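# predicted coordinates and the sequence they were generated for:
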Amino acid sequence: MAKCHRHQTRDVFLSFLKDPMPNGMEELSASYGPYNPEESMACCYIKCVIAISCWDEELIRESYQLTKKTSVMLRRLQAEYESVNTTLEKLSLKILISECQMLCALMKTATKRSLKHYLKAGLLLREAWKGFIGVQEKMTELCYRAGINTSKLESELASTHHDDLEDEEDGREVEDGALGTFELVEDINSFLANGNCCLSTVNELKRLKVISLFGYGLFHLVLSLIPPSLLKIFNMLGFEGNRYIGLSSLRTVCKLNADYRSLLSSVVLLSYNLVLRPAFSREQHYIDSGINNAETLLSGMGDSVKDTWADHYFRGHMAKLKGQYRPALDGFKMCAMKAAHLKQIKILSYYEIGLCHMINWNWGAASDIFLDMRNEAKWSKLLYTYLAAVCMGASERPEGSKHLFKELPGLYKKTMNQELESYCIRKANCISTGSDLRYECHLAALEILYIWRYLTFTEQQAEFMVHTVENRPQDLTPASLASSYLFLGQAWLHLESISRAQQAFQVADNINQPNSRDNYICVATLCELTEIYFYTNQIEKGKRTSERARLHKDYDLEVQIFSRLNSLPQ
């Protein structure tokens, strides 16, 4: 196999961050061919990052096909190199094949949500897991034979990485030997410093250890974020994800600054800290910790990514989480400008701009953004039309809102978004038949923000919410009435009146929901009550309410609410 071109693969990823190509990954990968498998793998990762970030079904399929094609090429090389190449070159190929299997499994679960496809993805993950573990064991053996010491105390390694992870919510203990994967890189460095082995051999060992650590860490992090119901399938196949190991492994790769994987690790960790972590956590100190981690990661990436679309995108997220919406809007607008050649990243930026306008209750500007997205995006035109209609109705443009609601059934497609699109159509029907379109649209907009964990109130907005609910229309549906009291409770929490918030949530809980699909409102209300009961030391009430929340199933937006349920006290 040709020698790994470390700087070349890093340049491939840097060029993507600076000037992304719209549809060039397949051509770029083909141009590298079988003589540069590392570069081909870099193209697969770039395509996958774009596809998963945008959740575009067509892009995910294209990424899956590119990765599968790369995997076939790597297996062909593996057969050719069986008798003529060194052990280190064979191990390098084995790592790349395992990475391909992991990416294919991830994209298979994203596009096909059935037991059959989950099992297929699980089997692919098991093969990837075996590959990563096999490489780790073989490299430890090689180092032992070469005389490289790998017996450092794990407690020293654990303390090195614990400082960065002390605020993680997933505090499961690391199994014996898990942190041993970090030892080898430092041991190889000290061994090389003592001049005990050939420079090229030791550098190759170090490189292989880093890239295997990246796959190992990404594997653990992805599995730790999978919903519990789905995770049972993977546990049956003999493995589970440990978030601590995943984050520690990826941070190690960032610090070692090896090839493009150090940059990719930074992008993954930034996405985790600024996008996923806030979605999984309600505690402000966890969110603040994620912001601090992200600032450290961005500064560690250096000038090479400064003023790129990724830099502006993640800084926009940091500002949004801090409640600084003007800098956030500027960041996302700059991201869209820098990524003008890549439509998917531009649309992702527009979506964040629309959310910032919604958070500020700037409904008119939000509806204009979502209308633009509907015209440009391939992914779920129905969702963007629904968001535009809701924001338009909240901004007192009823005729335009009604017209957009009527378009929704014709935009429905049976794709991986069908659950969300079915919800939008059903909500649109309820809103259209209500007596007060503006009030219903306002509720629906707040509902979107609440489910996606973006609902915040200024003092003025909270007081407006209290006044609006107290003077609400009298002929609301049960679902709309329950939503009204759910958001009234949120407003009282912001105004620091816990007793009134508890009363509002109790009213919402007592409203009967005849449609089982509306039970997500019940679950959200029970989650709020549970936290209040535990906070006010009503422990038994809190336990009973938590149990009631977990009994609900098969309701709209179940996937969005599961992390909230899992974080409840019991």
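Perfect, thanks for sending it. The model shown is predicted, which means the values in this text are computed figures rather than measured ones.
# in which helix or strand does Asp475 reside?
Asp475 is part of no helix or strand, with elements assigned from DSSP states H and E.
# with Ala340 instead?
For Ala340, there is no helix or strand it lies in under DSSP H and E.
# surely it is in contact with Met334?
No. Assessed by C-beta atoms under 8 Å, Ala340 is found out of contact with Met334, at 11.0 Å. The C-beta positions use only the backbone N, C-alpha and C, and glycine is treated the same way.
# with neighbour numbers in mind, choose between the two.
Met334 (19 against 13; other C-beta atoms under 10 Å).
# what's the spacing between the more buried one and Tyr384?
Distance from Met334 to Tyr384, counting by C-beta to C-beta, to the nearest Å: 22 Å.
# same question, Ala110
To Tyr384, Ala110 is 20 Å away according to C-beta to C-beta.
# the two: who's more crowded?
Between Ala110 and Tyr384, counted using other C-beta under 10 Å, Tyr384 has the larger neighbour count: 26 against 19.
# where does that one fall, phi/psi-wise?
Phi and psi for Tyr384, reported as degrees, to the nearest 10, are phi -70, psi -30.
# quick one: residues contacting it.
Contact analysis of Tyr384 by C-beta atoms under 8 Å, 6 or more residues apart in numbering lists Phe370, Leu371, Met373, Arg374, Ala377.
# the second one contacts Leu387, doesn't it?
Okay, so that is Leu371. No. Leu371 is beyond contact range of Leu387, at 9.2 Å (criterion: C-beta under 8 Å).
# and the pLDDT for Ser266?
With respect to pLDDT, Ser266 has a value of 89.
# ok, Glu27 next?
Note for Glu27: predicted pLDDT of 49.
# residue ranges in the stretch 301-450 of the chain under the pLDDT threshold?
Across the stretch 301-450 of the chain, the ranges flagged by pLDDT under 70 are 414-417.
# in it, which spans are helices?
With helices called from DSSP state H, counting those that start in this stretch, the stretch 301-450 of the chain shows them at 309-321, 325-338, 343-359, 363-376, 381-394, 398-411, 418-432, 437-451.
# pLDDT weak spots in the stretch 101-250 of the chain?
111-114, 146-202, 227-231, 234, 238-239.
# so Leu119 sits against Met236, correct?
No. Counting by C-beta under 8 Å, Leu119 sits too far from Met236 to count as a contact (9.1 Å).
# and the longest helix anywhere in the chain, which residues are buried?
The residue-count maximum for a helix in the chain (DSSP state H) belongs to helix 115-146. Neighbour counts over helix 115-146 (16 or more other C-beta atoms under 10 Å) mark 118, 120-122, 124-126, 128-129, 131-132, 135-136, 138-140, 142-143 as buried.
# what do you get for stretch 54-73?
Under the neighbour-count criterion of 16+ other C-beta under 10 Å, stretch 54-73 has 54, 56-57, 59-60, 62-64, 66-71, 73 buried.
# quick check, central residue of this protein?
Nearest to the centroid of the C-alpha atoms of the chain, with distances taken as C-alpha atoms, centre = their mean, sits Leu276, at 4.4 Å.
# who touches the residue lying closest to Gly364 once chain neighbours are set aside in this structure?
Among residues not flanking Gly364 along the chain, Ser395 sits closest, at 4.3 Å (C-beta to C-beta, 6 or more residues apart in numbering). Contacts were defined as C-beta under 8 Å, 6+ apart; by that measure Ser395 touches Trp363, Gly364, Ser367.
# C-terminal to the strand or helix carrying Ala491, what's the next element?
Per DSSP H and E, Ala491 falls inside helix 478-494. Toward the C-terminus, helix 478-494 is succeeded by helix 498-510 as the next helix or strand (DSSP H and E).
# quick check: what element follows that next one along the chain?
helix 519-535.
# and which of the contacts of Ser395 is nearest to Phe405?
Compare each of those with Phe405 using C-beta to C-beta and the shortest gap goes to Ser367, at 12.7 Å.
# report how many residues lie close to that closest one.
28.
# give the contact list for the residue lying closest to it once chain neighbours are set aside.
Excluding the flanking residues, the one nearest Ser367 by C-beta to C-beta, 6+ apart is Cys391, at 3.8 Å. Applying C-beta under 8 Å, 6+ apart to Cys391 gives the contacts Gly354, His357, Met358, Trp363, Gly364, Ala366, Ser367, Phe370, Cys441, Ala445.
# rerun that using 6 Å as the cut-off
Cys391 makes contacts with Trp363, Ala366, Ser367, as judged by C-beta atoms under 6 Å, 6 or more residues apart in numbering.
# excluding chain neighbours, what is closest to the first one?
If the residues on either side of it in the chain are set aside, Trp363 comes closest to Ser395, at 3.7 Å by C-beta to C-beta, 6+ apart.
# so what's the backbone phi/psi at that neighbour?
Dihedral pair for Ser395: phi -90, psi 20, per degrees, to the nearest 10.
# all helices for the stretch 51-200 of the chain, in order.
According to DSSP H, counting those that start in this stretch, the stretch 51-200 of the chain carries its helices in the segments 57-80, 87-111, 115-146, 154-165, 183-193, 199-224.
# out of those helices, which gets nearest to Ser289?
Closest to Ser289 of the helices of the stretch 51-200 of the chain is helix 154-165 (C-beta to C-beta; 9.6 Å).
# just give the closest residue to the residue nearest to the centre of the chain, not the sequence neighbours.
Leu225 (6.6 Å).
# next, count neighbours for that neighbour.
Leu225 sits with 17 neighbouring residues when counted by other C-beta under 10 Å.
# quick one, phi psi at it?
In terms of degrees, to the nearest 10, the main-chain angles of Leu225 are phi -100, psi 0.
# offset the numbering so it begins at 41, please.
Done: numbering now begins at 41, and the last item shifts to Leu265.
# tell me how far it lies from Glu480.
34 Å.
# which one's more surrounded, Leu411 and Leu427?
Taking neighbours as other C-beta under 10 Å, Leu411 and Leu427 compare with Leu427 leading, 26 against 20.
# what sits against the more buried one?
Counting by C-beta under 6 Å, 6+ apart, Leu427 touches Phe410.
# what does stretch 371-383 rub up against?
So stretch 371-383 is contacted by 60, 62, 349, 352-353, 355-356, 359, 385-386, 389, 392-393 (C-beta under 6 Å, 6+ apart).
# mind listing what's buried along it?
For stretch 371-383, the neighbour count (16+ other C-beta under 10 Å) marks Gly371, Phe372, Lys373, Met374, Cys375, Ala376, Lys378, Ala379, Leu382, Lys383 as buried.
# show me which pair in those is furthest apart.
Gly371 and Lys383 (19.1 Å).
# now Gly474: phi and psi?
Phi and psi for Gly474, reported as degrees, to the nearest 10, are phi -70, psi 170.
# what sits closest to it if chain neighbours are left out?
Spatially, and ignoring its direct neighbours in sequence, Gly474 is nearest to Glu480 (4.3 Å; C-beta to C-beta, 6+ apart).
# wait, doesn't Leu369 sit right on Met398?
No. Here Leu369 lies out of contact with Met398, judged by C-beta atoms under 6 Å, at a distance of 12.0 Å.
# tell me which of these two has more neighbours.
Higher neighbour count among Leu369 and Met398: Met398, with 26 against 20, using other C-beta under 10 Å.
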